[in-house]
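Chemist: here you go, sequence then predicted model.
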There are 2 protein chains.
Amino acid sequence: MRDDDERCNRASTWFEALRDRICQAFEAIEDEYAPDEAPMRFERRPWQREGGGGGIMALMHGRVFEKVGVNVSTVHGKFAPEFAKAIPGAAEDPSFWASGISLVAHMVNPHVPPAHMNTRHIVTTRRWFGGGADLNSIIPITEDTADFHLALQDACDPFDPERYARYKAWADDYFFIPHRGEARGEGGIFYDYLEDDFERDFAFTKSVGEAFLDVYPRIVRRRMHTPWTEADKQLQAVKRGRYVEFNLVYDRGTQFGLKTGGNPEAVLMSLPPSAAWP
Amino acid sequence: MRDDDERCNRASTWFEALRDRICQAFEAIEDEYAPDEAPMRFERRPWQREGGGGGIMALMHGRVFEKVGVNVSTVHGKFAPEFAKAIPGAAEDPSFWASGISLVAHMVNPHVPPAHMNTRHIVTTRRWFGGGADLNSIIPITEDTADFHLALQDACDPFDPERYARYKAWADDYFFIPHRGEARGEGGIFYDYLEDDFERDFAFTKSVGEAFLDVYPRIVRRRMHTPWTEADKQLQAVKRGRYVEFNLVYDRGTQFGLKTGGNPEAVLMSLPPSAAWP
(Lines give C-alpha, C1' and ligand atoms only; values in the text may rest on other atoms or scores of the structure.)
Protein backbone atom coordinates (compact mmCIF):
# COMPACT_ATOMS: atom_id res chain seq x y z
CA MET A 1 0.00 0.00 0.00
CA ARG A 2 1.57 3.24 -1.07
CA ASP A 3 -1.41 5.59 -0.86
CA ASP A 4 0.31 7.71 1.71
CA ASP A 5 3.39 8.11 -0.43
CA GLU A 6 3.86 11.82 -1.09
CA ARG A 7 4.89 11.33 -4.73
CA CYS A 8 1.87 9.11 -5.35
CA ASN A 9 -0.39 11.76 -3.89
CA ARG A 10 1.13 14.47 -6.05
CA ALA A 11 0.65 12.37 -9.17
CA SER A 12 -2.98 11.47 -8.49
CA THR A 13 -3.76 15.06 -7.44
CA TRP A 14 -2.35 16.28 -10.75
CA PHE A 15 -4.42 13.79 -12.75
CA GLU A 16 -7.55 14.99 -10.94
CA ALA A 17 -6.76 18.67 -11.49
CA LEU A 18 -6.09 18.05 -15.18
CA ARG A 19 -9.39 16.19 -15.42
CA ASP A 20 -11.23 19.19 -13.94
CA ARG A 21 -9.63 21.62 -16.38
CA ILE A 22 -10.29 19.38 -19.38
CA CYS A 23 -13.93 18.90 -18.41
CA GLN A 24 -14.36 22.67 -18.07
CA ALA A 25 -12.73 23.28 -21.44
CA PHE A 26 -15.00 20.75 -23.16
CA GLU A 27 -18.12 22.10 -21.45
CA ALA A 28 -17.15 25.60 -22.61
CA ILE A 29 -17.05 24.30 -26.19
CA GLU A 30 -20.54 22.86 -25.79
CA ASP A 31 -21.77 26.23 -24.43
CA GLU A 32 -20.20 28.04 -27.35
CA TYR A 33 -21.68 25.65 -29.90
CA ALA A 34 -25.25 26.04 -28.68
CA PRO A 35 -25.42 29.11 -26.42
CA ASP A 36 -29.22 29.17 -26.38
CA GLU A 37 -29.74 25.52 -25.54
CA ALA A 38 -29.68 23.76 -22.19
CA PRO A 39 -25.99 23.39 -21.26
CA MET A 40 -24.32 19.99 -21.65
CA ARG A 41 -22.31 18.88 -18.63
CA PHE A 42 -20.13 15.96 -17.57
CA GLU A 43 -21.74 13.49 -15.24
CA ARG A 44 -19.38 12.00 -12.67
CA ARG A 45 -19.75 8.42 -11.47
CA PRO A 46 -17.47 7.22 -8.69
CA TRP A 47 -16.64 3.53 -8.54
CA GLN A 48 -14.76 1.30 -6.13
CA ARG A 49 -12.38 -1.45 -7.14
CA GLU A 50 -12.69 -4.74 -5.33
CA GLY A 51 -9.17 -5.26 -4.05
CA GLY A 52 -8.30 -1.61 -3.51
CA GLY A 53 -8.94 1.89 -4.72
CA GLY A 54 -11.31 3.09 -7.37
CA GLY A 55 -11.96 6.07 -9.53
CA ILE A 56 -14.34 8.56 -11.00
CA MET A 57 -15.66 8.35 -14.55
CA ALA A 58 -16.65 11.71 -15.98
CA LEU A 59 -18.87 11.20 -19.00
CA MET A 60 -20.62 13.68 -21.27
CA HIS A 61 -22.99 13.13 -24.19
CA GLY A 62 -23.07 16.52 -25.88
CA ARG A 63 -23.90 18.22 -29.16
CA VAL A 64 -20.24 18.40 -30.19
CA PHE A 65 -18.80 15.59 -28.08
CA GLU A 66 -21.04 12.64 -28.91
CA LYS A 67 -19.43 10.62 -26.11
CA VAL A 68 -16.46 11.80 -24.16
CA GLY A 69 -15.08 10.09 -21.09
CA VAL A 70 -12.41 11.40 -18.77
CA ASN A 71 -11.55 8.79 -16.22
CA VAL A 72 -9.24 9.16 -13.25
CA SER A 73 -8.50 5.99 -11.34
CA THR A 74 -6.19 5.31 -8.45
CA VAL A 75 -5.96 1.63 -7.63
CA HIS A 76 -3.73 -0.65 -5.65
CA GLY A 77 -3.46 -4.33 -4.77
CA LYS A 78 -1.58 -7.36 -5.97
CA PHE A 79 -1.22 -8.54 -9.56
CA ALA A 80 -2.33 -12.06 -10.40
CA PRO A 81 0.81 -14.24 -10.68
CA GLU A 82 0.64 -14.82 -14.46
CA PHE A 83 0.13 -11.07 -15.00
CA ALA A 84 2.88 -9.98 -12.58
CA LYS A 85 5.55 -11.59 -14.78
CA ALA A 86 4.86 -9.11 -17.56
CA ILE A 87 5.07 -6.01 -15.32
CA PRO A 88 8.45 -4.46 -14.50
CA GLY A 89 9.36 -4.99 -10.86
CA ALA A 90 6.30 -7.09 -10.08
CA ALA A 91 7.83 -10.55 -10.45
CA GLU A 92 9.63 -10.09 -7.11
CA ASP A 93 6.61 -8.57 -5.32
CA PRO A 94 3.19 -8.45 -7.00
CA SER A 95 2.02 -5.37 -5.02
CA PHE A 96 1.18 -2.36 -7.14
CA TRP A 97 -0.20 1.14 -6.97
CA ALA A 98 -1.37 2.89 -10.13
CA SER A 99 -3.00 6.18 -10.87
CA GLY A 100 -3.84 7.75 -14.20
CA ILE A 101 -6.05 9.88 -16.34
CA SER A 102 -7.58 8.44 -19.46
CA LEU A 103 -9.57 10.42 -22.01
CA VAL A 104 -11.34 9.39 -25.18
CA ALA A 105 -13.48 11.79 -27.21
CA HIS A 106 -15.83 10.51 -29.91
CA MET A 107 -17.29 13.44 -31.82
CA VAL A 108 -20.66 14.03 -33.47
CA ASN A 109 -19.16 15.72 -36.52
CA PRO A 110 -17.08 13.37 -38.68
CA HIS A 111 -14.82 16.32 -39.55
CA VAL A 112 -13.75 16.77 -35.92
CA PRO A 113 -11.01 14.22 -35.23
CA PRO A 114 -11.62 11.93 -32.25
CA ALA A 115 -8.76 11.98 -29.77
CA HIS A 116 -7.26 9.92 -27.01
CA MET A 117 -4.95 10.97 -24.17
CA ASN A 118 -3.75 8.94 -21.23
CA THR A 119 -1.00 9.43 -18.68
CA ARG A 120 -0.30 7.28 -15.67
CA HIS A 121 2.06 6.66 -12.79
CA ILE A 122 2.65 3.06 -11.78
CA VAL A 123 4.50 1.80 -8.73
CA THR A 124 5.70 -1.75 -8.12
CA THR A 125 9.16 -2.40 -6.71
CA ARG A 126 9.94 0.11 -9.47
CA ARG A 127 8.06 3.30 -10.31
CA TRP A 128 7.50 4.89 -13.70
CA PHE A 129 5.36 7.17 -15.82
CA GLY A 130 3.74 6.27 -19.11
CA GLY A 131 1.17 7.68 -21.44
CA GLY A 132 0.39 9.00 -24.84
CA ALA A 133 -1.99 10.88 -27.02
CA ASP A 134 -3.18 10.30 -30.55
CA LEU A 135 -5.60 11.62 -33.10
CA ASN A 136 -8.02 9.35 -34.96
CA SER A 137 -9.58 11.34 -37.76
CA ILE A 138 -12.37 10.01 -39.91
CA ILE A 139 -11.35 12.37 -42.71
CA PRO A 140 -7.80 13.50 -41.88
CA ILE A 141 -7.00 17.18 -42.43
CA THR A 142 -3.32 18.07 -42.72
CA GLU A 143 -3.60 21.27 -40.65
CA ASP A 144 -5.14 19.45 -37.66
CA THR A 145 -2.66 16.58 -37.76
CA ALA A 146 0.24 19.03 -38.00
CA ASP A 147 -1.00 21.18 -35.10
CA PHE A 148 -1.55 18.15 -32.90
CA HIS A 149 1.93 16.82 -33.56
CA LEU A 150 3.49 20.26 -33.14
CA ALA A 151 1.90 20.68 -29.70
CA LEU A 152 3.27 17.32 -28.62
CA GLN A 153 6.68 18.14 -30.01
CA ASP A 154 6.68 21.39 -28.04
CA ALA A 155 5.86 19.34 -24.93
CA CYS A 156 8.80 17.01 -25.59
CA ASP A 157 11.55 19.32 -26.85
CA PRO A 158 12.49 21.00 -23.52
CA PHE A 159 13.23 17.56 -22.08
CA ASP A 160 15.33 16.15 -24.87
CA PRO A 161 15.53 17.24 -28.51
CA GLU A 162 15.21 13.62 -29.64
CA ARG A 163 12.33 12.69 -27.39
CA TYR A 164 9.53 13.68 -29.75
CA ALA A 165 10.91 11.65 -32.67
CA ARG A 166 11.34 8.64 -30.41
CA TYR A 167 7.89 8.85 -28.83
CA LYS A 168 6.24 9.59 -32.18
CA ALA A 169 7.82 6.44 -33.63
CA TRP A 170 6.64 4.49 -30.58
CA ALA A 171 3.10 5.81 -31.18
CA ASP A 172 3.26 4.82 -34.86
CA ASP A 173 4.30 1.38 -33.75
CA TYR A 174 1.79 1.13 -30.89
CA PHE A 175 -1.33 2.65 -32.46
CA PHE A 176 -1.29 0.12 -35.27
CA ILE A 177 -3.81 -2.62 -36.03
CA PRO A 178 -1.70 -5.63 -37.14
CA HIS A 179 -4.56 -7.76 -38.43
CA ARG A 180 -5.73 -4.88 -40.65
CA GLY A 181 -2.22 -3.81 -41.56
CA GLU A 182 -3.28 -0.22 -41.00
CA ALA A 183 -2.63 2.60 -38.53
CA ARG A 184 -5.33 3.36 -36.00
CA GLY A 185 -5.11 7.07 -36.88
CA GLU A 186 -2.65 9.91 -37.39
CA GLY A 187 -0.57 8.94 -34.38
CA GLY A 188 0.86 11.25 -31.75
CA ILE A 189 3.20 10.13 -29.00
CA PHE A 190 3.47 7.06 -26.81
CA TYR A 191 5.86 6.47 -23.91
CA ASP A 192 6.17 3.96 -21.09
CA TYR A 193 8.51 2.83 -18.31
CA LEU A 194 9.88 6.37 -17.93
CA GLU A 195 11.78 6.07 -14.68
CA ASP A 196 14.87 8.25 -15.14
CA ASP A 197 14.08 10.84 -12.49
CA PHE A 198 10.74 11.27 -10.75
CA GLU A 199 10.64 15.08 -10.82
CA ARG A 200 11.67 15.35 -14.43
CA ASP A 201 9.40 12.50 -15.55
CA PHE A 202 6.47 13.97 -13.64
CA ALA A 203 7.14 17.39 -15.20
CA PHE A 204 7.15 15.76 -18.64
CA THR A 205 3.88 13.99 -17.94
CA LYS A 206 2.35 17.32 -16.90
CA SER A 207 3.71 18.88 -20.06
CA VAL A 208 1.93 16.24 -22.19
CA GLY A 209 -1.33 16.94 -20.38
CA GLU A 210 -0.97 20.70 -20.86
CA ALA A 211 -0.18 20.28 -24.55
CA PHE A 212 -3.28 18.20 -25.10
CA LEU A 213 -5.45 20.67 -23.18
CA ASP A 214 -4.11 23.46 -25.36
CA VAL A 215 -4.28 21.93 -28.81
CA TYR A 216 -7.33 19.67 -28.86
CA PRO A 217 -9.97 22.31 -28.00
CA ARG A 218 -8.50 24.49 -30.77
CA ILE A 219 -8.93 21.69 -33.32
CA VAL A 220 -12.46 20.95 -32.13
CA ARG A 221 -13.54 24.61 -32.40
CA ARG A 222 -12.06 24.84 -35.88
CA ARG A 223 -14.08 21.93 -37.30
CA MET A 224 -17.26 21.67 -35.24
CA HIS A 225 -19.35 23.74 -37.66
CA THR A 226 -18.23 21.95 -40.86
CA PRO A 227 -21.24 20.41 -42.64
CA TRP A 228 -21.17 16.64 -43.11
CA THR A 229 -22.94 14.09 -45.30
CA GLU A 230 -24.57 10.75 -44.63
CA ALA A 231 -21.57 9.11 -46.33
CA ASP A 232 -19.25 10.85 -43.82
CA LYS A 233 -21.30 9.39 -40.96
CA GLN A 234 -21.06 5.92 -42.52
CA LEU A 235 -17.32 6.30 -42.77
CA GLN A 236 -17.27 7.40 -39.13
CA ALA A 237 -19.14 4.28 -38.04
CA VAL A 238 -16.68 1.99 -39.85
CA LYS A 239 -13.68 3.88 -38.50
CA ARG A 240 -15.15 3.55 -35.00
CA GLY A 241 -15.29 -0.21 -35.58
CA ARG A 242 -11.54 -0.19 -36.19
CA TYR A 243 -11.10 1.75 -32.95
CA VAL A 244 -13.04 -0.97 -31.13
CA GLU A 245 -10.86 -3.65 -32.71
CA PHE A 246 -7.68 -1.91 -31.57
CA ASN A 247 -8.87 -1.29 -28.04
CA LEU A 248 -10.27 -4.75 -27.38
CA VAL A 249 -7.56 -6.78 -29.10
CA TYR A 250 -4.36 -4.78 -28.49
CA ASP A 251 -4.65 -1.85 -26.09
CA ARG A 252 -2.44 -2.24 -23.02
CA GLY A 253 -4.61 -0.10 -20.76
CA THR A 254 -7.71 -2.07 -21.69
CA GLN A 255 -5.97 -5.40 -21.09
CA PHE A 256 -4.58 -4.05 -17.81
CA GLY A 257 -8.01 -2.87 -16.69
CA LEU A 258 -9.89 -6.02 -17.66
CA LYS A 259 -7.27 -8.35 -16.18
CA THR A 260 -6.89 -6.49 -12.87
CA GLY A 261 -10.62 -6.49 -12.21
CA GLY A 262 -11.15 -2.84 -13.10
CA ASN A 263 -14.68 -1.52 -13.45
CA PRO A 264 -15.65 -2.64 -16.97
CA GLU A 265 -17.76 0.48 -17.48
CA ALA A 266 -14.70 2.62 -16.74
CA VAL A 267 -12.24 0.46 -18.67
CA LEU A 268 -14.50 0.30 -21.72
CA MET A 269 -15.58 3.94 -21.54
CA SER A 270 -13.22 4.42 -24.49
CA LEU A 271 -15.50 2.46 -26.79
CA PRO A 272 -17.43 4.60 -29.29
CA PRO A 273 -21.14 5.32 -28.87
CA SER A 274 -21.76 3.34 -32.03
CA ALA A 275 -19.76 1.37 -34.56
CA ALA A 276 -20.38 -0.58 -37.74
CA TRP A 277 -19.02 -3.63 -39.49
CA PRO A 278 -21.15 -3.52 -42.63
CA MET B 1 0.88 -30.51 -46.12
CA ARG B 2 -2.04 -32.82 -45.65
CA ASP B 3 -4.40 -31.53 -48.35
CA ASP B 4 -4.37 -34.86 -50.11
CA ASP B 5 -5.28 -36.74 -46.96
CA GLU B 6 -8.57 -38.53 -47.60
CA ARG B 7 -9.99 -37.75 -44.15
CA CYS B 8 -9.13 -34.07 -44.54
CA ASN B 9 -10.88 -33.99 -47.89
CA ARG B 10 -13.97 -35.64 -46.47
CA ALA B 11 -14.11 -33.09 -43.63
CA SER B 12 -13.69 -30.01 -45.83
CA THR B 13 -16.14 -31.40 -48.40
CA TRP B 14 -18.70 -31.84 -45.62
CA PHE B 15 -18.20 -28.28 -44.37
CA GLU B 16 -18.75 -26.97 -47.92
CA ALA B 17 -21.86 -29.06 -48.46
CA LEU B 18 -23.31 -27.92 -45.13
CA ARG B 19 -22.57 -24.31 -46.09
CA ASP B 20 -24.50 -24.75 -49.35
CA ARG B 21 -27.52 -26.21 -47.58
CA ILE B 22 -27.52 -23.51 -44.89
CA CYS B 23 -27.27 -20.72 -47.45
CA GLN B 24 -30.19 -22.20 -49.38
CA ALA B 25 -32.25 -22.50 -46.20
CA PHE B 26 -31.61 -18.88 -45.24
CA GLU B 27 -32.31 -17.61 -48.76
CA ALA B 28 -35.61 -19.52 -48.70
CA ILE B 29 -36.54 -17.66 -45.51
CA GLU B 30 -35.80 -14.34 -47.21
CA ASP B 31 -38.00 -15.38 -50.17
CA GLU B 32 -40.80 -16.37 -47.84
CA TYR B 33 -40.57 -13.10 -45.87
CA ALA B 34 -40.87 -10.85 -48.91
CA PRO B 35 -42.13 -12.97 -51.84
CA ASP B 36 -42.87 -9.96 -54.04
CA GLU B 37 -39.55 -8.20 -53.55
CA ALA B 38 -36.24 -8.74 -55.32
CA PRO B 39 -34.73 -11.92 -53.81
CA MET B 40 -31.89 -11.58 -51.30
CA ARG B 41 -28.92 -13.86 -51.98
CA PHE B 42 -25.57 -14.71 -50.43
CA GLU B 43 -22.58 -13.21 -52.13
CA ARG B 44 -19.49 -15.42 -52.12
CA ARG B 45 -16.01 -13.96 -51.86
CA PRO B 46 -13.06 -16.32 -52.17
CA TRP B 47 -9.83 -15.39 -50.40
CA GLN B 48 -6.33 -16.84 -50.28
CA ARG B 49 -4.24 -17.12 -47.17
CA GLU B 50 -0.62 -16.10 -47.44
CA GLY B 51 1.18 -19.20 -46.22
CA GLY B 52 -1.31 -21.73 -47.51
CA GLY B 53 -4.93 -22.32 -48.31
CA GLY B 54 -7.85 -19.94 -48.11
CA GLY B 55 -11.58 -19.93 -48.02
CA ILE B 56 -14.87 -18.59 -49.21
CA MET B 57 -16.92 -16.08 -47.26
CA ALA B 58 -20.61 -16.22 -48.04
CA LEU B 59 -22.28 -13.04 -46.87
CA MET B 60 -25.90 -11.89 -47.11
CA HIS B 61 -27.50 -8.61 -46.08
CA GLY B 62 -31.19 -9.42 -46.15
CA ARG B 63 -34.54 -8.25 -44.85
CA VAL B 64 -34.61 -10.91 -42.11
CA PHE B 65 -30.89 -11.62 -41.80
CA GLU B 66 -29.37 -8.16 -41.33
CA LYS B 67 -25.89 -9.62 -41.71
CA VAL B 68 -25.19 -13.30 -41.93
CA GLY B 69 -21.85 -14.83 -42.77
CA VAL B 70 -21.11 -18.45 -43.51
CA ASN B 71 -17.43 -18.95 -43.92
CA VAL B 72 -15.63 -22.11 -44.95
CA SER B 73 -11.88 -22.01 -44.74
CA THR B 74 -9.26 -24.68 -45.33
CA VAL B 75 -5.80 -23.51 -44.40
CA HIS B 76 -2.43 -25.06 -43.75
CA GLY B 77 1.09 -23.97 -42.85
CA LYS B 78 3.24 -23.69 -39.77
CA PHE B 79 2.26 -22.09 -36.49
CA ALA B 80 4.42 -19.29 -35.14
CA PRO B 81 6.62 -20.75 -32.34
CA GLU B 82 4.93 -18.92 -29.42
CA PHE B 83 1.51 -19.96 -30.74
CA ALA B 84 2.50 -23.60 -31.41
CA LYS B 85 3.07 -24.22 -27.69
CA ALA B 86 -0.62 -23.70 -26.95
CA ILE B 87 -1.85 -26.10 -29.66
CA PRO B 88 -2.02 -29.85 -28.98
CA GLY B 89 0.59 -31.73 -30.94
CA ALA B 90 2.18 -28.61 -32.45
CA ALA B 91 5.06 -28.17 -30.02
CA GLU B 92 6.86 -31.12 -31.65
CA ASP B 93 6.10 -30.01 -35.22
CA PRO B 94 4.41 -26.65 -35.95
CA SER B 95 2.80 -27.84 -39.22
CA PHE B 96 -0.97 -27.69 -39.27
CA TRP B 97 -3.97 -28.20 -41.48
CA ALA B 98 -7.35 -26.84 -40.48
CA SER B 99 -10.75 -26.73 -42.08
CA GLY B 100 -14.02 -25.50 -40.70
CA ILE B 101 -17.35 -23.83 -41.16
CA SER B 102 -18.21 -20.77 -39.17
CA LEU B 103 -21.59 -19.08 -39.15
CA VAL B 104 -22.87 -15.98 -37.41
CA ALA B 105 -26.34 -14.54 -38.02
CA HIS B 106 -27.25 -11.04 -36.85
CA MET B 107 -30.95 -10.46 -37.38
CA VAL B 108 -32.96 -7.35 -38.28
CA ASN B 109 -35.78 -8.16 -35.83
CA PRO B 110 -34.67 -7.97 -32.18
CA HIS B 111 -37.13 -10.79 -31.40
CA VAL B 112 -35.27 -13.24 -33.64
CA PRO B 113 -32.31 -14.58 -31.65
CA PRO B 114 -28.91 -14.20 -33.32
CA ALA B 115 -27.03 -17.47 -33.57
CA HIS B 116 -23.56 -18.81 -33.99
CA MET B 117 -22.40 -22.23 -35.19
CA ASN B 118 -18.90 -23.42 -35.91
CA THR B 119 -17.36 -26.82 -36.45
CA ARG B 120 -13.81 -27.59 -37.46
CA HIS B 121 -11.26 -30.31 -38.03
CA ILE B 122 -7.67 -29.55 -37.07
CA VAL B 123 -4.60 -31.64 -37.82
CA THR B 124 -1.17 -31.27 -36.26
CA THR B 125 0.80 -34.33 -35.12
CA ARG B 126 -2.64 -35.01 -33.60
CA ARG B 127 -6.03 -34.59 -35.23
CA TRP B 128 -9.32 -33.55 -33.66
CA PHE B 129 -12.76 -32.04 -34.14
CA GLY B 130 -14.17 -29.09 -32.28
CA GLY B 131 -17.07 -26.76 -32.52
CA GLY B 132 -20.17 -25.42 -30.96
CA ALA B 133 -23.36 -23.50 -31.41
CA ASP B 134 -25.08 -20.94 -29.26
CA LEU B 135 -28.04 -18.59 -29.21
CA ASN B 136 -27.67 -14.91 -28.34
CA SER B 137 -31.14 -13.48 -27.90
CA ILE B 138 -31.78 -9.81 -27.37
CA ILE B 139 -35.06 -10.62 -25.64
CA PRO B 140 -34.86 -14.31 -24.69
CA ILE B 141 -37.97 -16.41 -25.25
CA THR B 142 -38.17 -19.67 -23.32
CA GLU B 143 -39.66 -21.66 -26.21
CA ASP B 144 -36.80 -20.73 -28.57
CA THR B 145 -34.09 -21.42 -26.03
CA ALA B 146 -35.66 -24.78 -25.16
CA ASP B 147 -36.00 -25.84 -28.80
CA PHE B 148 -32.43 -24.87 -29.58
CA HIS B 149 -31.07 -26.86 -26.66
CA LEU B 150 -33.33 -29.81 -27.40
CA ALA B 151 -32.05 -30.03 -30.97
CA LEU B 152 -28.47 -30.04 -29.72
CA GLN B 153 -29.29 -32.63 -27.10
CA ASP B 154 -30.81 -34.84 -29.81
CA ALA B 155 -27.57 -34.45 -31.76
CA CYS B 156 -25.52 -35.53 -28.75
CA ASP B 157 -27.56 -38.31 -27.18
CA PRO B 158 -26.91 -41.08 -29.74
CA PHE B 159 -23.17 -40.69 -29.08
CA ASP B 160 -23.19 -40.68 -25.30
CA PRO B 161 -26.08 -39.96 -22.93
CA GLU B 162 -23.84 -37.63 -20.89
CA ARG B 163 -22.36 -35.75 -23.81
CA TYR B 164 -25.02 -33.04 -24.01
CA ALA B 165 -24.73 -32.11 -20.32
CA ARG B 166 -20.95 -31.97 -20.60
CA TYR B 167 -20.89 -29.89 -23.76
CA LYS B 168 -23.67 -27.61 -22.50
CA ALA B 169 -21.64 -26.93 -19.35
CA TRP B 170 -18.59 -26.26 -21.53
CA ALA B 171 -20.62 -23.75 -23.54
CA ASP B 172 -21.85 -22.04 -20.38
CA ASP B 173 -18.26 -21.76 -19.31
CA TYR B 174 -16.93 -20.70 -22.71
CA PHE B 175 -19.61 -18.27 -23.88
CA PHE B 176 -19.14 -16.09 -20.83
CA ILE B 177 -17.82 -12.52 -20.63
CA PRO B 178 -15.61 -12.46 -17.49
CA HIS B 179 -15.15 -8.69 -17.32
CA ARG B 180 -18.91 -8.20 -17.44
CA GLY B 181 -19.66 -11.17 -15.22
CA GLU B 182 -22.42 -12.14 -17.60
CA ALA B 183 -23.21 -14.88 -20.11
CA ARG B 184 -22.92 -14.00 -23.80
CA GLY B 185 -26.35 -15.51 -24.42
CA GLU B 186 -28.48 -18.58 -23.77
CA GLY B 187 -25.64 -20.98 -24.44
CA GLY B 188 -25.76 -24.16 -26.46
CA ILE B 189 -22.89 -26.62 -26.75
CA PHE B 190 -19.15 -26.29 -27.06
CA TYR B 191 -16.60 -29.04 -27.64
CA ASP B 192 -12.95 -29.25 -28.57
CA TYR B 193 -10.05 -31.69 -28.90
CA LEU B 194 -12.43 -34.53 -29.76
CA GLU B 195 -10.03 -37.18 -30.99
CA ASP B 196 -11.46 -40.48 -29.76
CA ASP B 197 -12.22 -42.03 -33.12
CA PHE B 198 -12.21 -40.17 -36.44
CA GLU B 199 -15.35 -41.78 -37.89
CA ARG B 200 -17.40 -41.35 -34.75
CA ASP B 201 -16.16 -37.80 -34.12
CA PHE B 202 -16.81 -36.82 -37.71
CA ALA B 203 -20.32 -38.31 -37.48
CA PHE B 204 -20.91 -36.29 -34.32
CA THR B 205 -19.70 -33.08 -35.99
CA LYS B 206 -22.11 -33.76 -38.87
CA SER B 207 -24.87 -34.35 -36.38
CA VAL B 208 -24.27 -30.91 -34.80
CA GLY B 209 -24.44 -29.27 -38.22
CA GLU B 210 -27.67 -31.08 -39.09
CA ALA B 211 -29.24 -30.11 -35.77
CA PHE B 212 -28.45 -26.46 -36.32
CA LEU B 213 -29.78 -26.55 -39.87
CA ASP B 214 -32.99 -28.08 -38.59
CA VAL B 215 -33.72 -25.91 -35.55
CA TYR B 216 -32.48 -22.43 -36.36
CA PRO B 217 -34.62 -21.80 -39.47
CA ARG B 218 -37.65 -22.92 -37.45
CA ILE B 219 -36.90 -20.33 -34.74
CA VAL B 220 -36.29 -17.59 -37.30
CA ARG B 221 -39.59 -18.27 -39.11
CA ARG B 222 -41.46 -18.26 -35.80
CA ARG B 223 -40.28 -14.77 -34.78
CA MET B 224 -39.50 -12.87 -37.97
CA HIS B 225 -42.92 -11.19 -38.13
CA THR B 226 -43.05 -10.08 -34.46
CA PRO B 227 -43.36 -6.26 -34.26
CA TRP B 228 -40.57 -4.44 -32.43
CA THR B 229 -40.05 -1.03 -30.85
CA GLU B 230 -37.25 1.52 -30.99
CA ALA B 231 -36.33 0.48 -27.44
CA ASP B 232 -35.92 -3.13 -28.64
CA LYS B 233 -33.53 -1.90 -31.34
CA GLN B 234 -31.53 0.06 -28.74
CA LEU B 235 -31.28 -3.05 -26.61
CA GLN B 236 -30.15 -4.97 -29.68
CA ALA B 237 -27.36 -2.47 -30.35
CA VAL B 238 -26.06 -2.74 -26.77
CA LYS B 239 -26.28 -6.53 -26.81
CA ARG B 240 -24.33 -6.53 -30.07
CA GLY B 241 -21.65 -4.50 -28.30
CA ARG B 242 -21.30 -7.31 -25.77
CA TYR B 243 -20.98 -9.78 -28.64
CA VAL B 244 -18.13 -7.68 -30.05
CA GLU B 245 -16.43 -7.63 -26.64
CA PHE B 246 -16.61 -11.41 -26.36
CA ASN B 247 -15.36 -12.08 -29.86
CA LEU B 248 -12.46 -9.65 -29.82
CA VAL B 249 -11.28 -10.28 -26.27
CA TYR B 250 -11.95 -13.99 -25.69
CA ASP B 251 -13.04 -15.98 -28.72
CA ARG B 252 -10.60 -18.75 -29.60
CA GLY B 253 -11.47 -18.83 -33.30
CA THR B 254 -10.97 -15.09 -33.60
CA GLN B 255 -7.62 -15.21 -31.81
CA PHE B 256 -6.62 -18.20 -33.96
CA GLY B 257 -7.59 -16.39 -37.14
CA LEU B 258 -5.94 -13.08 -36.29
CA LYS B 259 -2.74 -14.72 -35.04
CA THR B 260 -2.33 -17.12 -37.96
CA GLY B 261 -2.66 -14.36 -40.54
CA GLY B 262 -6.19 -15.24 -41.57
CA ASN B 263 -8.11 -12.84 -43.78
CA PRO B 264 -9.36 -10.20 -41.30
CA GLU B 265 -12.57 -9.72 -43.28
CA ALA B 266 -13.30 -13.43 -42.93
CA VAL B 267 -12.17 -13.71 -39.30
CA LEU B 268 -14.18 -10.66 -38.26
CA MET B 269 -17.22 -11.48 -40.39
CA SER B 270 -18.81 -12.48 -37.08
CA LEU B 271 -18.95 -8.87 -35.91
CA PRO B 272 -22.42 -7.33 -35.96
CA PRO B 273 -23.46 -4.82 -38.63
CA SER B 274 -23.73 -2.21 -35.89
CA ALA B 275 -23.18 -1.99 -32.15
CA ALA B 276 -23.48 0.59 -29.42
CA TRP B 277 -21.74 1.53 -26.19
CA PRO B 278 -23.98 4.40 -25.11
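Modeler: Received it, and whenever you're ready, just let me know what you need. From a predicted model like this one, the values you see are computed outputs, not experimental measurements. Numbers count the residues shown, from 1 in each chain, chains lettered A, B, ... in the order given.
Chemist: surely residue A:167 is in a helix?
Modeler: Yes. When classified by DSSP: H, G, I helix; E, B strand; the rest coil, residue A:167 is found to be part of a helix.
Chemist: so what pLDDT did it get?
Modeler: The per-residue pLDDT reported for residue A:167 equals 98.
Chemist: next one: residue A:113
Modeler: 98.
Chemist: please apply the same query to residue A:1.
Modeler: Taking residue A:1 on its own, its pLDDT is 44.
Chemist: mind giving me the packing neighbours of the longest helix that chain A contains?
Modeler: For chain A, the helix reaching the highest residue count under DSSP state H is reported as helix A:6-33. Contact here means 3 or more C-beta pairs under 8 Å, 6 or more residues apart in numbering or on different chains; DSSP states H and E; on that basis helix A:6-33 packs against strand A:53-60, strand A:65-78, strand A:95-107, strand A:115-123, helix A:198-223. In short, each C-beta sits where N, CA and C put it, glycine included.
Chemist: residue A:244 against residue A:275, yeah?
Modeler: Yes. At 5.1 Å, residue A:244 and residue A:275 qualify as touching, with contact defined as C-beta atoms under 8 Å.
Chemist: now do the shared contacts for the two.
Modeler: Residues touching both residue A:244 and residue A:275 (C-beta atoms under 8 Å, 6 or more residues apart in numbering or on different chains): B:244, B:275.
Chemist: between those two, tell me which one has more neighbours.
Modeler: Between residue A:244 and residue A:275, counting by other C-beta atoms under 10 Å in any protein chain shown, residue A:275 is the more crowded of the two (27 against 22).
Chemist: hang on, the more buried one is in a strand, isn't it?
Modeler: Yes. With three-state DSSP as the criterion, residue A:275 is located in a strand.
Chemist: just checking, it touches residue B:274?
Modeler: Yes. Taking contact to mean C-beta under 8 Å, the distance of 7.0 Å between residue A:275 and residue B:274 places them in contact.
Chemist: now do the shared contacts for the two.
Modeler: If you check residue A:275 and residue B:274 against C-beta under 8 Å, 6+ apart, the residues they both contact are residue A:237.
Chemist: show me which residues of the stretch 101-250 of chain A are close to chain B?
Modeler: In this structure, the stretch 101-250 of chain A approaches chain B at residues A:178-180, A:237, A:241, A:244-245, A:248-249, judged by C-beta under 8 Å from any C-beta of the partner chain.
Chemist: in chain A, what secondary structure element scores lowest on mean pLDDT?
Modeler: Sorted by mean pLDDT, DSSP states H and E, the helices and strands of chain A end with helix A:252-259, the least confident at a mean of 80.
Chemist: that one near chain B anywhere?
Modeler: Yes. Contact between helix A:252-259 and chain B is present through residue A:258 (criterion: C-beta under 8 Å from any C-beta).
Chemist: and the helix or strand following that helix, what's its mean pLDDT?
Modeler: Using DSSP states H and E, the helix or strand that follows helix A:252-259 towards the C-terminus is helix A:264-267. Looking at helix A:264-267 alone, the average pLDDT works out to 88.
Chemist: now do the next helix or strand after the longest helix of chain A and strand A:53-60, the angle between them.
Modeler: The first helix or strand that comes after helix A:6-33 along the chain, using DSSP H and E, is strand A:43-48. Interaxial angle of strand A:43-48 relative to strand A:53-60 (axes from the mean of the first three to the mean of the last three C-alpha atoms, to 10 degrees): 160 degrees.
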